[in-house]
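J.: below is the structure, and that's it, no one-letter string:
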């Protein structure tokens, strides 16, 4: 019986002899098909995938076929071909001599291993979230000579518009256990899930909500072993993209600080792999996911420059004073406090090496708590979790972001004042936190909250008082 060669090529058309004649569908015997399929990546300049690698898989779906497809696997130099059941007979595969089409889809091997099933008029994969490339409805032709039947088509695979791939090296995130334990939340990025491929027709996918978690996959691409995330960027505007990595199976939080991007969708960021470093351990700072927002330390500042446990007060400071408040009462704090304008070097949270850490600005505090501020109108009411006696803390305010689900706790640590003697007031009842904004030469703006209320105080907040400091990383 004569052999049938199917060529899905992007390089050159198959050169057959001049004895080729059209054939009818009934002439084709699928059990004798010999596949010789070549596929081209159409995103070679966009950084998503530039060359085929060992283990890459492409699925081809032919119009009119709901019981069979072709799974193509690359071994580093050539493709091998299997039918739906893992064999090579392709029983039930029907190829047409006229007017039929083929569609194809590619996934990284570590994303999709389950075979697709035909349901609701499309081939569906189970739970494929993230990156894929595809081609829709490519016409093919079938011709026959006395010895060989050939099927010819051209396939160019494309990724969805504005796709972004984020790569976290294994060394930065630690060791994964079983399953997908990490998710990524990122501002202005939509997670998405491949939902199926119509035989010879459209690929379709579901785009999730902006800023919602994207599942991580552990794998190796071009020698880079790590965790991969994919999303689709907003289609308008220029944004800072703030990334937050969260471990699903535990309460530990991680944050990525060094590679937030400011770019418009459709630029190179939309398809290039981003290697993010600066991943910190033990939940020392988090992103709440709002546009232009800083990374917030998860605890208050301590005298040694580290971050306190989230439930503890940390140390107390006079405004723009780099040494902690003298709680012994040996000196009158009103006799010695800073009366000048804010400068970073006077800021107790200022990091002189990276210049990234500081006390929050008044605007950054307003973005959390003041609904009248233009930066906060979208977020303020939806973020408030409210007063809570979280863990061993005596009380405080819990802010939970509905942008990415990350929470920030501010203990009601009170404040130190000097009225003849030094006293610690309002622990468990009130919270006070310095901003960088001075007011006159004797006062400064600070955040104040208590049970049943949360807001900014703008009056007579003496620079000589001792308040906690909650650092931010810009």
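T.: Ah, there it is. Predicted model, so just to flag it, every value in this text is computed and none were measured.
J.: show me the domain layout of this structure.
T.: For the chain, automatic domain parsing gives the domain ranges 3-157, 163-287, 295-473.
J.: mean pLDDT for these: which is lowest?
T.: Note on the domains of the chain: domain 163-287 shows the lowest mean pLDDT, a mean of 66.
J.: for the protein, longest helix please?
T.: Determined from DSSP state H, the single longest helix within the chain is helix 362-369.
J.: what residues are up against the closest residue to residue 325 other than its chain neighbours?
T.: Nearest non-adjacent residue to residue 325, counting by Cβ to Cβ, 6 or more residues apart in numbering: residue 466, 3.2 Å away. All C-beta spots, glycine's among them, are computed from the backbone N, C-alpha and C. By Cβ atoms under 8 Å, 6 or more residues apart in numbering, residue 466 lies in contact with 316-318, 324-325, 327, 333, 415-417.
J.: can you rerun that using 6 Å?
T.: Contact partners of residue 466, counting by Cβ atoms under 6 Å, 6 or more residues apart in numbering, are 316, 325, 415-416.
J.: ditto for residue 204
T.: 195-196.
J.: quickly list what it is bridged to.
T.: residue 196 (DSSP bridges).
J.: got it, and residue 61?
T.: Under the criterion used here (DSSP bridges), residue 61 is bridged to residue 103.
J.: any chance you could map the helices in the stretch 301-450 of the chain?
T.: 362-369, 380-383 (DSSP state H, counting those that start in this stretch).
J.: and if you look at the stretch 101-250 of the chain?
T.: Using DSSP H, counting those that start in this stretch, helices in the stretch 101-250 of the chain cover 170-173.
J.: so residue 297 sits right up against residue 471, yeah?
T.: Yes: with contact defined as Cβ atoms under 6 Å, residue 297 reaches residue 471; the gap is 4.3 Å.
J.: ok, now how distant is residue 80 from residue 467?
T.: 68 Å (Cβ to Cβ, to the nearest Å).
J.: residue 419 now?
T.: 16 Å.
J.: who has more neighbours, these two?
T.: More neighbours surround residue 467 than the other of residue 419 and residue 467, with 28 against 7 (other Cβ atoms under 10 Å).
J.: okay, and the beta partners of the more buried one?
T.: residue 317.
J.: distance of it from residue 153?
T.: Separation of residue 467 from residue 153 (Cβ to Cβ): 70 Å.
J.: who touches the residue nearest to residue 166 when sequence neighbours are not counted in this structure?
T.: Among residues not flanking residue 166 along the chain, residue 229 sits closest, at 4.4 Å (Cβ to Cβ, 6+ apart). Each residue near residue 229 by Cβ under 6 Å, 6+ apart is listed here: 166, 184, 214, 216.
J.: next one: residue 120
T.: Neighbour list for residue 120: empty [criterion: Cβ under 6 Å, 6+ apart].
J.: that one and residue 321, how far apart?
T.: For residue 120, the distance to residue 321 - Cβ to Cβ - is 66 Å.
J.: now swap in residue 441 and tell me
T.: In terms of Cβ to Cβ, residue 441 sits 15 Å off from residue 321.
J.: go on, residue 163?
T.: From residue 163 over to residue 321 the distance is 49 Å, taken as Cβ to Cβ.
J.: what of residue 110?
T.: 52 Å.
J.: more crowded one of the two?
T.: residue 321 (20 against 13).
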